[in-house]
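K.L.:
Fold the following.
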Amino acid sequence: MSQGNIEDDAAVVNTILLWRIYDLMLLDLMARNPELARKVATAHERGEFIGPNPAFSKDSE
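P.N.:
Take a look at the predicted model:
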């Protein structure tokens, strides 16, 4: 494995970890302010945010 591959893999891993942290932040928001959490999830569905949709469903409890 070359150094370039390790650096590329590290960038991918870091990105995935940041998305999961973002998911956890949205889960916390769901507990504190479900209406705002639904608005954020809906904005993701409309493509208003860069990045993937949250890993959880906005309808999940």
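K.L.:
From Leu26, how far off is the residue nearest the centre of the chain?
P.N.:
Geometric centre of the chain, nearest residue: Trp19, 3.6 Å, by CA atoms, centre = their mean. Remark: distance between Trp19 and Leu26 (CB to CB, to the nearest Å) = 11 Å. Backbone N, C-alpha and C define where each C-beta goes, glycine included.
K.L.:
Below-threshold pLDDT in the chain: ranges please.
P.N.:
Along the chain, the model assigns pLDDT under 70 to residues 1-4, 56-61.
K.L.:
Show me which helix runs longest in it.
P.N.:
For the chain, the helix reaching the highest residue count under DSSP state H is reported as helix 3-32.
K.L.:
Run the angle between whichever helix or strand comes after that helix and helix 3-32 for me.
P.N.:
Next helix or strand after helix 3-32 toward the C-terminus (DSSP states H and E): helix 34-45. Interaxial angle of helix 34-45 relative to helix 3-32 (axes from the mean of the first three to the mean of the last three CA atoms, to 10 degrees): 140 degrees.
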